[in-house]
Structure formats: structure tokens, C-alpha cells
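> Fold the stuff below for me.
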Amino acid sequence: MTYIERSITPYIQKAEKNFKAVLITGARQTGKSTLLKQLFPERKYVTFDDPFLEDQAIRNANMFMTLNQPPVTFDEVQRVPDLFRYIKIECDSRNEYGLYCLSGSQPFRLMQTVSESLSGRVSIVELAGLSLREIQVDSFNRPFLPTMEYVADRQTTVRKPENIWQLIHRGSYPELYQNPDLDWQQFYASYVKTYLERDVRELSAVHDLNAFRRFMIAVAARTGQMVNFSNIAEEIGKDAATIRNWMSILEASGIIYLLEPYTPSVLKRAIKTPKVYFRDTGLASYLTRWLTPETLALGAMAGNIFKTYVISEIIKSYSNQGIDYRYCISYYRGKDKKKKKRNGEEIEIDGEIDFIIEENGILYPIEIKKNTSETADATSTFQVLDQVPDKKRGMGAVISMCPAPGMLRENVLELPVWYI
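This is a model prediction of the structure:
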């Protein structure tokens, strides 16, 4: 299989030279093990997927550490959480950097253990699925920002994909691109089965895996929408508390992302409910049974899947530079009604901004549409950000399927999705 160069490589190489340990987290199958083997082929590699090695590390950690001296890579390290105390001791006793490379597919459990044991000694890196830039072997490495400067730089390397819906439908897991003959349905069926039987069982005492599978499908059908725990609970026959717990499992294992609302005190009518987004559009398509790119592109979920893809790509542009995006992205929805024509009739809808990026006190509003062209009316809610004191509204953008960048109005760009 052909190795696909990962955009986050320079950041990891730098972290390995400046920290005693590097921890790579992310969902199952995002390529963590492959990346570490590729970057550090000279290191000894130990995987705790091997039951014998897992047992040795648990039963006799001192001896295990003696037999596996750094520099060493420990894969699936969440299986042996007690080992972190011994890694800490080893880090504190040595002056060298780059002693341990660690990886694991349960970020929530890992973060709990790492914060207690390796604070200040470890660089934590999130590895997402493949970005469009990585799939197209595009070396551009700036985080997305809707500015004229960004667009000018981006167009030096950007290439329009032959079929964007084919990429959206296929998803972002590296194995699907390293092995083009791999059957899409077979891959995702195996992925869901493995996820349910390993990650879900390990993260929580979920005994009814069939119910959890139905829950995953229900959440996938709501990607791009505000979370409604009661609605999902009613659909699958569970109580809202269980649904909240299960939602935290999906988030903890990197399957979904909860996008928090932008709710400064001055925007008193802002809705405070998060939106749920699947991190992989291929998985969301599989769970909701859109089995071909063509049916997905023309189907009822096309708009929300497209929005899910755009937000996932923006997030990757930040995480692949080692930037913690959680503190700088949000969305807005408020009860400030605006008029809109639908089927020839004028109706009132809530004001909404799909995505907001905050940088250096500037708010960049973004609207996401799957159409090939849009009007400036789609960005009328952007003005609500002018009310926020001590913040400035920057250039806005509509990200769509338009063929080339353009201006909708003086301070609003229209950008093709492949410009992210």
C-alpha cells in the first residue's frame, strides 16, 4: 500500500525534539500506528493489541519497562493506563527528549490519565482522518481563514477534485485510499462492528450493542443539527440520561464533534444548544444508508452531509498544525427572526451562522451551502456579530460548490469547498 504523507508530520517531529513524550490520539483507523512507524522507523515498536504484551505490562510493569527502554513507541497505550506512572518516573529520571511515542484511540480516557501522570512532559497531538489536501498531495499548510490573503496563498496550489461527492461519500480513513480496491461497504461494516465490540464496551458498560447501533444511526441522521436528547431517546426507546451518556461515548472516541454555540452575554436571544457533527462523512453516509455518491448528492441529507464535510475539513486545517481549535470555533443561532421566501411564501426563520472562527479578537462568520451559487441574502445574519463589544467582525464567507472564488458583497467572499 502507498503511504500518504500526513500534514501534521512537521509538528510531530518538532514535538518529539522538545518533549520527553509525544501522545497521538484520534479515532480508530485514522492512521496513528502507521504514522509513528513511518516517522520513527528506528524505534522499537510495542503494541498492546498483543494480549501477551498487554498482560506483561499489567502484571509486571517494572520488568516490562526494563525490557523496553526508550526510545520506544507504545501503541494502543490506553489498554495499560497504570503504565503511565512508570513512564513518568522514566521521564523524570532522564534529561533526553523524545523518549516515548505513545498512541491510543480513546482520547477521553487517555486525557484523564495523561493529565494526572504526564502533565508538562508530553505533547498531545490529535490525528484526524485524511484531509482533502492530503488526499490530493497538496503541500499547503495554513489553517483556513476567509481572508483575501489566505485566498491568494491558497490558489497557488489548489486543485479542483474531479468529483467532490465521491470524496465526501468515501470518507477520510486512510485505508480506503491506500487500498482503492477495498470495498466501501465492507470496510465500514467492519469498522462499526469493531468499534462497537471494542471501544464501546471498554469506554462504558453498554450491554445492548444493538440499541447502541440504532443510536449511532439516529445520531448520523442528525449530523449538522442541534442536539435533541429527548427526541433521540424516544426514537430508540431509551431514556434521555442514557442518550447523554452514549453521546459522550461517541464524542470521547472521536466519532462525533459537538460544536458549541457562540453565546456572549450581549446576544441575549442566542440558543445555547450544541450541534452534532460526524467527523467522517463516509461513516455517516454508511449508517444512514446512502450507498453511492450519486444518491448521496441528490438525497435528502445532501445539505447536512456537505456541511459536515466542510466543517470537518476546516477543523483538520487547524488540528494538522497542532492548533487547539476548540477554543476558536462555534456557531450562532438566535431567536432574532428574519424573513425568507420558501415555495413562493414569505416565512420567518431563526437567524443562523453555520460557523464562526475567532482569531485575535476578530470574528469570521461562515455560511455553508451545497449550491453552485448563492446570493448575499444568505449572509444577512452576519451583522449580529457587530453587537459584540471588544470584538470585530472580519471578512465573512459562503463556502459552496461554486467554480471559483468571488465576492458576494464588499466583506463577504464566496469560496469553493476545495479552497479550505
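
> where does Pro264 land in three-state SS?
Using DSSP: H, G, I helix; E, B strand; the rest coil as the criterion, the local structure at Pro264 reads coil.

> Centroid-nearest residue for the chain?
Arg279 (4.5 Å; CA atoms, centre = their mean).

> check contacts around that residue.
27, 128-129, 172, 254-257, 312 (CB atoms under 8 Å, 6 or more residues apart in numbering). Where you see a C-beta, it was placed from the backbone N, CA and C, and this is true even at glycine.

> Ok, Arg159 next?
By CB under 8 Å, 6+ apart, the neighbours of Arg159 are 136, 138, 418.

> ok, back up a step: among the contacts of Arg279, name the ones in helices.
In this view, these that belong to helices under DSSP state H are Ser312.

> Need the max-distance pair from the contacts of Arg279.
The span of the contacts of Arg279, defined through CB to CB, is set by Ser172 and Ile256 at 14.0 Å.

> can you pull the pLDDT of Phe108?
You'll see Phe108 listed with a pLDDT of 49.

> How much space separates Ile353 from Ile368?
Note on Ile353: its distance to Ile368, by CB to CB, to the nearest Å, is 10 Å.

> intersection of neighbour lists for those two?
Listed as contacting both Ile353 and Ile368 by CB under 8 Å, 6+ apart is no residue at all.

> quick one: low-confidence ranges for the chain?
1, 106-117, 202-205, 336-349 (pLDDT under 70).

> Swap in 50 and give it another go.
Filtered on pLDDT under 50, the chain yields the residue ranges 108.

> per-domain residue ranges of it.
9-126, 132-419 (automatic domain parsing).

> So the closest residue to Leu267 other than its chain neighbours: helix, strand or coil?
Leaving aside its sequence neighbours, Leu267 sits nearest to Gly334 (CB to CB, 6 or more residues apart in numbering; 6.1 Å). What three-state DSSP gives for Gly334 is strand.

> Gly334: neighbour count?
The number of residues packed near Gly334 is 20, by other CB atoms under 10 Å.

> again with Lys316
The tally of other residues near Lys316 (other CB under 10 Å) stands at 27.

> My guess is it contacts Ala128. True?
Yes: counting by CB atoms under 8 Å, Lys316 touches Ala128, with 4.8 Å between them.

> Please enumerate the helices of the stretch 301-420 of the chain.
Secondary structure of the stretch 301-420 of the chain by DSSP state H, counting those that start in this stretch: the helices cover 302-319.

> For it, just list every one of the strands.
Taking DSSP state E, counting those that start in this stretch as the criterion, the stretch 301-420 of the chain carries its strands at 329-342, 345-359, 362-368, 392-393, 396-400, 406-409, 412-416.

> if we can go back for a sec, which residues touch the residue nearest to Leu267?
Contacts of Gly334 by CB under 8 Å, 6+ apart are 267, 269-271, 350-352, 381, 384.

> go on, Phe212?
Contact partners of Phe212, counting by CB under 8 Å, 6+ apart, are 196, 200, 206, 246.

> Torsion angles phi and psi at Glu294?
Dihedral pair for Glu294: phi -70, psi -50, per degrees, to the nearest 10.

> Could you say which helix or strand holds the residue nearest to it when sequence neighbours are not counted?
Closest residue to Glu294 apart from its sequence neighbours, by CB to CB, 6+ apart: Trp165 at 7.5 Å. Per DSSP states H and E: Trp165 is located in helix 164-170.

> Distance from that helix to the middle of the chain?
Taking CA atoms, centre = their mean, to the nearest Å, one finds helix 164-170 lying 17 Å from the centre of the chain it belongs to.

> Kindly report the same for stretch 359-370.
18 Å.

> which residues are contacting the helix or strand where Gln185 lies?
When elements are assigned from DSSP H and E, Gln185 belongs to helix 184-194. Outside helix 184-194, the residues within contact range by CB under 8 Å, 6+ apart are 28-29, 169-171, 173, 175-176, 213, 216, 282-283, 286-287, 291.

> Spell out, range by range, the helices that occur in the stretch 51-200 of the chain.
In the stretch 51-200 of the chain, the helices defined using DSSP H, counting those that start in this stretch lie at 51-59, 61-67, 83-93, 107-117, 132-135, 148-154, 164-170, 175-178, 184-194.

> Dump those to JSON lines, plus mean neighbour count and distance to Met407.
Output for the helices of the stretch 51-200 of the chain, formatted as JSON lines (neighbours: other CB atoms under 10 Å; distance: least, CB to CB, whole Å):
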{"stretch": "helix 51-59", "mean neighbour count": "15", "distance to Met407": "57"}
{"stretch": "helix 61-67", "mean neighbour count": "13", "distance to Met407": "60"}
{"stretch": "helix 83-93", "mean neighbour count": "17", "distance to Met407": "52"}
{"stretch": "helix 107-117", "mean neighbour count": "17", "distance to Met407": "40"}
{"stretch": "helix 132-135", "mean neighbour count": "21", "distance to Met407": "23"}
{"stretch": "helix 148-154", "mean neighbour count": "14", "distance to Met407": "10"}
{"stretch": "helix 164-170", "mean neighbour count": "22", "distance to Met407": "22"}
{"stretch": "helix 175-178", "mean neighbour count": "17", "distance to Met407": "34"}
{"stretch": "helix 184-194", "mean neighbour count": "15", "distance to Met407": "38"}
